[in-house]
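*Asks:* show me the folded form of this:
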Amino acid sequence: LADKLDALSKEGQLSHGALVFNHVLAVLSHIADAVAVSDTTVVFKKDGHAIVVQGVDTQGFQTDGIANTLDNAVYTLTISNAVLGVPVSLQRIAVNMSFAIVPCGVLWDYQKTRDDGKAHSFEDYMALLTCENTERFNVDCSADSKSFQQFYDDLWQIATTALEDDALQSLIIRSTDMGGPYADALVFTASAGNYGDVLDYPLAPAAWPFVLSVSASNVGTDKLAEFSNPGAISMAGAWFELNDALGRAGVSADTLAITSTVYAGTSFAAPGLAVFAALDLSQVNSYCSDALLTYAGQANYKNVTLAEFVREVCGQ
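*Replies:* Numbers count the residues shown, from 1 in each chain. Here you go, the predicted model:
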């Protein structure tokens, strides 16, 4: 089993993106049947409707590249009359974004600091950056001082705020504009982030208008996971056992379960909402699509559960 997991990692099938893709397949495999499968695309059937899961590689891209890749993927799906040989008519799409955005300069500086052995995590980097700035202003650099905490909070806000006129944000606004080609056809979901111990807001793109921010709760409870940033809607995000949902890698779910190989994060909470949105959008008389689109336009991070959202917001 260890050799199999190592091989998957080397082949790029155990990357963050691959885990998110596999998680979506695992969720859908409980409620729909996979009828066509490739490395990056799977077609499911439920109640006569085709549901296409299309993986989009954004690893290492800047947001202008991500915007172009997403735009092309959405356009290609909307004009397709068949995917993997299965007839389709895809008119409404849920776009999930299980990633966070920071300014390029922040990322490059963090990577250099990490590679130099000065910081092992982004939190370490932010603490180091705070100390460097507080020393310039003769402020006490200790975690329990009020001045340190103020600098620390301010720097987090700066470091995690995407720049204005971002290409990806422009795509989302353009796509959801009521006069645009995808008006009422696209729902965007995004992971809120895994820095809940220091941040009380979601990261971009989850923090942007017209995007549904998704926080993570512990599986089987409504309790927000300790690591999760807040979001508009809370979905299960901790913890999951790794499994080979469609048998694509030749590793049985039982074998993986025995090893207790688990994962967690808001990256795996957001796809759950995307799956719900996709299933709802596939219905002739969608129950929640209007509510989802309206809710995405509100900057409200109350971590409501999906059940609460459906009960209190949908259908009104």
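*Asks:* tell me the SS of residue 310?
*Replies:* Assigned state for residue 310: helix (three-state reduction, DSSP: H, G, I helix; E, B strand; the rest coil).
*Asks:* my guess is it contacts residue 288, does it?
*Replies:* Yes: Residue 310 is in contact with residue 288 according to CB atoms under 8 Å; the separation is 6.4 Å. Heads up, the C-betas are built off the backbone N, CA and C, glycines and all.
*Asks:* between these two, who's got more neighbours?
*Replies:* A count of neighbours by other CB atoms under 10 Å puts residue 288 above the other of residue 310 and residue 288, at 21 against 16.
*Asks:* could you look up the SS state of the closest residue to that one other than its chain neighbours?
*Replies:* Excluding the flanking residues, the one nearest residue 288 by CB to CB, 6 or more residues apart in numbering is residue 314, at 4.0 Å. Applying three-state DSSP to residue 314 yields a three-state assignment of coil.
*Asks:* start at 9, not 1
*Replies:* Sure thing, new numbering starts at 9, so read that last one as residue 322.
*Asks:* which parts of the protein are helices?
*Replies:* Counting by DSSP state H, the chain has helices at residues 10-18, 24-37, 71-87, 112-123, 130-144, 154-167, 175-184, 261-266, 278-289, 297-304, 314-320.
*Asks:* once you drop chain neighbours, what's closest to residue 199?
*Replies:* Nearest to residue 199 is residue 274, by CB to CB, 6+ apart, at 3.8 Å.
*Asks:* give the contact list for the one you found.
*Replies:* By CB atoms under 8 Å, 6 or more residues apart in numbering, the residues touching residue 274 are 106, 199-202, 222-224, 236-237, 239, 245.
*Asks:* residue 112 is in contact with residue 70, correct?
*Replies:* Yes: at 6.4 Å, residue 70 counts as touching residue 112 under the criterion of CB under 8 Å.
*Asks:* higher neighbour count, the two?
*Replies:* Taking neighbours as other CB under 10 Å, residue 70 and residue 112 compare with residue 70 leading, 14 against 11.
*Asks:* so what's residue 197 bridging to?
*Replies:* Counting by DSSP bridges, residue 197 is bridged to residue 104, residue 220.
*Asks:* pLDDT wise, what is it at?
*Replies:* pLDDT recorded at residue 197 is 95.
*Asks:* could you report the neighbour count for it?
*Replies:* Neighbours around residue 197, by other CB under 10 Å: 31.
*Asks:* just give the closest residue to residue 300, not the sequence neighbours.
*Replies:* For residue 300, the spatially nearest residue (CB to CB, 6+ apart) is residue 195, at 5.2 Å.
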